[in-house]
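S.K.: Curious how this folds, go ahead:
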Amino acid sequence: MINFENPLRKGILSLFPFLRTVKRHFIWKPTIRSWQSLISSMPIAPQSTQNNVFLIIPSDPYTLTGSRGDDAMIDALLNLVTKNNPHAQINIVTGSNEASKEAQKKGLIPLEIWKHAFSPSRILQELKALSPDALVVVGADVMDGYYNSYLPLHAIMFADIASRLGARSVILGFSFNKTPSLLLKQVFELANPAVKINLRDSVSLDRFEAFCDHKTQLVADAAFYLEPKLKSKLADEVKEWVEKAHAENALAIVFNIHPMLFKKGSSKQVQNLIDAAARAIEAVSSSRSVRWFFLPHDFRKDVGDNDCLLPLAAELTKRGVGDNILTVEKNYTASELKAAVGQVDGVITARMHLAIGSLGMGRPVAAITYQDKFQGLFRHFNLPNWLLLSPQEILESDALEKMILRFLDENVEIKQCVENNLPSIMALSYKNFEFILAAAAQGES
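M.R.: Numbers count the residues shown, from 1 in each chain. This next block holds a predicted model:
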């Protein structure tokens, strides 16, 4: 964890605005001009009706699946495409050898071109060589520029240029925060109107439509279509753990927090979060019969969930609650984790896609929010706002303890609400894939 309170690092960080200005002048503006010049003279080819070659642009080209949310969206796409056409060639753009190896494990063909495809002419060259019938951008939470503006810029250029060459270009449902990078307005509006842009909740849709002019579609997250791996070592272990909890008349509850709850957070902020969570769980455990499952959903270095969850378990062990805690240190796939959460009584999580996996299995969910992403997801399910807490609320009050207690007490009612709304959400999730799968079915006829 980077200590941003260190004076030297404070000095380095003070240079960031200047460096951003330099990058904008020497990289961003020339790239936009080059793209505009390219597409101004580029005819738009007829849209492909074949389904032989697919290209995926991931939301993290460097680790690919370090976040199990990315893993979930990619696997959901793969499952549906291969069911429609088992012989499809599915390629994915990568930016590292690590990501290429992960792609190969999934049966994908890695194209390690991300670091070299930063110019529109190079993107055109690569797309002409591959000639994809469909291009899919895994939108996730990167398209508003929260992490950086260059990833969505290049992803959209891929989608735009591919669509002009005749590929069916789709951006899977993504969230859009309330303070997007203003640089991206021009980027979205330059994209060919034929590029299908999906927003994964109504809050994000309203923000996007107010931000720029490009036709959109409301969907639910693509990861709702991830198939759980019901037979696995993790599923067996969790099943046994839940059965033991129930035999002791205790509820089995997943709990998840992570360092990314604070953008560029200091070590002190993260430690304060761990301490606040420990106080809340200790207090709840003194008045309710609960067994806690500290489940990570992101395994990336320095931002992974166990950077918080394992110290939290250690702190609670000191406080005498350790016997009631199950931890996980091994890396599991998104489909394994989805099967695991399907067996518990409820999930309290700060990871969007752990919430999605849990809701997709009909589990009650409460959330610790960041990037204001969860509001739209919970609106999909008509879940009440009291199930959402900000990190700041946790640090400054006993709100987490109160929320957990109410979550436990209203567990049955929340579960019923989730189950009632899940069929309509699954239909919305499927809308991510209709453009691709309709063409796939046509191609097979």
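S.K.: quick one: the helices in the stretch 101-250 of the chain?
M.R.: Remark: helices assigned in the stretch 101-250 of the chain by DSSP state H, counting those that start in this stretch are 120-130, 150-164, 184-190, 202-211, 233-247.
S.K.: So residue 279, which state does it fall into?
M.R.: Assigned with DSSP: H, G, I helix; E, B strand; the rest coil, residue 279 falls in the helix class.
S.K.: Residue 60 now?
M.R.: Going by three-state DSSP: residue 60 is coil.
S.K.: That one and residue 95, how far apart?
M.R.: 9 Å (CB to CB, to the nearest Å). C-beta here means a position set from N, CA and C on the backbone, and glycine is covered the same way.
S.K.: Tell me, how many residues neighbour residue 201?
M.R.: 25 (other CB atoms under 10 Å).
S.K.: For residue 153, see how far away the residue nearest the centre of the chain is.
M.R.: Centroid check for the chain by CA atoms, centre = their mean gives residue 69 as the closest residue, at 4.1 Å. Distance of residue 69 to residue 153, computed by CB to CB: 21 Å.
S.K.: Ok, residue 402 next?
M.R.: Distance from residue 402 to residue 153, by CB to CB: 43 Å.
S.K.: higher neighbour count, these two?
M.R.: Legend: neighbour count by other CB under 10 Å for residue 402 and residue 153, higher for residue 153 (23 against 15).
S.K.: and the more buried one, what does it touch?
M.R.: Contacts for residue 153 (CB atoms under 8 Å, 6 or more residues apart in numbering) come out as 28, 31, 183, 184, 187.
S.K.: Kindly reformat those residues as TSV containing pLDDT.
M.R.: Below are the contacts of residue 153 laid out as TSV (pLDDT from 0 to 100):
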residue	pLDDT
28	93
31	95
183	96
184	98
187	97
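S.K.: Mind picking the two most distant members of these?
M.R.: Greatest spatial distance among those (CB to CB): 31 and 184, at 12.9 Å.
S.K.: Can you give me the distance of the spatially closest residue to residue 196 that is not a sequence neighbour to residue 217?
M.R.: Counting by CB to CB, 6 or more residues apart in numbering, residue 170 is the residue found nearest to residue 196 once chain neighbours are left out, at 4.4 Å. Counting by CB to CB, the gap from residue 170 to residue 217 is 10 Å.
S.K.: anything in contact with each of these two?
M.R.: By CB under 8 Å, 6+ apart, the residues touching both residue 170 and residue 217 are 196, 198.
S.K.: Now tell me which helix or strand of this protein has the poorest mean pLDDT.
M.R.: When the helices and strands of the chain are scored by mean pLDDT, DSSP states H and E, helix 7-13 comes last with a mean of 51.
S.K.: what residues are up against residue 285?
M.R.: Contacts for residue 285 (CB under 8 Å, 6+ apart) come out as 292, 321, 324.
S.K.: circling back: what would the contacts of residue 153 look like in CSV with distance to residue 339?
M.R.: Shown next, in CSV, are those (distance: CB to CB, whole Å):
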residue, distance to residue 339
28, 43
31, 43
183, 40
184, 36
187, 38
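S.K.: ok, those residues vs residue 307, which is closest?
M.R.: For those, the nearest to residue 307 is residue 184 (29.9 Å; CB to CB).
S.K.: Would you confirm that the closest one contacts residue 144?
M.R.: Yes: if you go by CB atoms under 8 Å, residue 184 and residue 144 touch, sitting 7.1 Å apart.
S.K.: sorry, back to before: more neighbours: which of residue 170 and residue 217?
M.R.: Ranked by neighbour count (other CB under 10 Å), residue 170 and residue 217 place residue 170 first, with 25 against 17.
S.K.: What separation do you get for the more buried one and residue 386?
M.R.: Distance check for residue 170 against residue 386: by CB to CB, it reads 35 Å.
S.K.: likewise residue 182?
M.R.: Per CB to CB, residue 182 is found 33 Å from residue 386.
S.K.: Also residue 89?
M.R.: From residue 89 to residue 386 the distance is 48 Å (CB to CB).
S.K.: quick revisit: for the residue nearest to the centre of the chain, give me its contacts.
M.R.: Listed by CB under 8 Å, 6+ apart, the contact set of residue 69 reads 140, 223, 297, 298, 334, 351, 352, 353, 354, 356.
S.K.: Which members of those residues occur in helices, if any?
M.R.: 334, 352, 353, 354, 356 (DSSP state H).
S.K.: Which two among the residues you listed are spaced furthest apart?
M.R.: 334 and 352 (12.2 Å).
S.K.: and the two? which has more neighbours close in?
M.R.: residue 334 (27 against 24).
S.K.: Looks like that one contacts residue 357 (just checking).
M.R.: Yes: the criterion here is CB under 8 Å, and residue 334 meets it with residue 357 at 6.8 Å.
S.K.: list the residues that contact both of the two?
M.R.: With CB under 8 Å, 6+ apart as the test, residue 334 and residue 357 both reach 72, 223, 226, 297.
S.K.: Mind checking which of the contacts of residue 153 are buried?
M.R.: 28, 31, 183, 184, 187 (16 or more other CB atoms under 10 Å).
S.K.: Relative to residue 208, which of the residues you listed is nearest.
M.R.: Checking the buried ones among the contacts of residue 153 against residue 208 by CB to CB gives residue 184 as the nearest, at 10.1 Å.
S.K.: Now the element after whatever helix or strand residue 78 lives in, going C-ward?
M.R.: Taking DSSP states H and E as the criterion, residue 78 maps to helix 68-84. The helix or strand immediately downstream of helix 68-84 is strand 89-93, counting by DSSP H and E.
S.K.: So what touches that next one?
M.R.: 52-58, 61, 64, 74, 78, 81-82, 103, 107-111, 113-114, 117, 130, 132, 158.
S.K.: Could you verify that residue 326 is part of a helix?
M.R.: No: counting by three-state DSSP, one finds residue 326 to be strand, located in no helix.
S.K.: which residues does the nearest residue to it once chain neighbours are set aside contact?
M.R.: Among residues not flanking residue 326 along the chain, residue 293 sits closest, at 4.7 Å (CB to CB, 6+ apart). By CB under 8 Å, 6+ apart, the contact set of residue 293 is 238, 241, 252, 253, 254, 255, 325, 326, 344.
S.K.: Residue 293 bridge partners, please.
M.R.: residue 254, residue 326 (DSSP bridges).
S.K.: what about the closest residue to residue 109 other than its chain neighbours, neighbour count?
M.R.: Residue nearest to residue 109 in three dimensions, not counting chain neighbours: residue 91, with 4.5 Å by CB to CB, 6+ apart. Using other CB under 10 Å, residue 91 has 17 other residues around it.
S.K.: No further questions, thank you.
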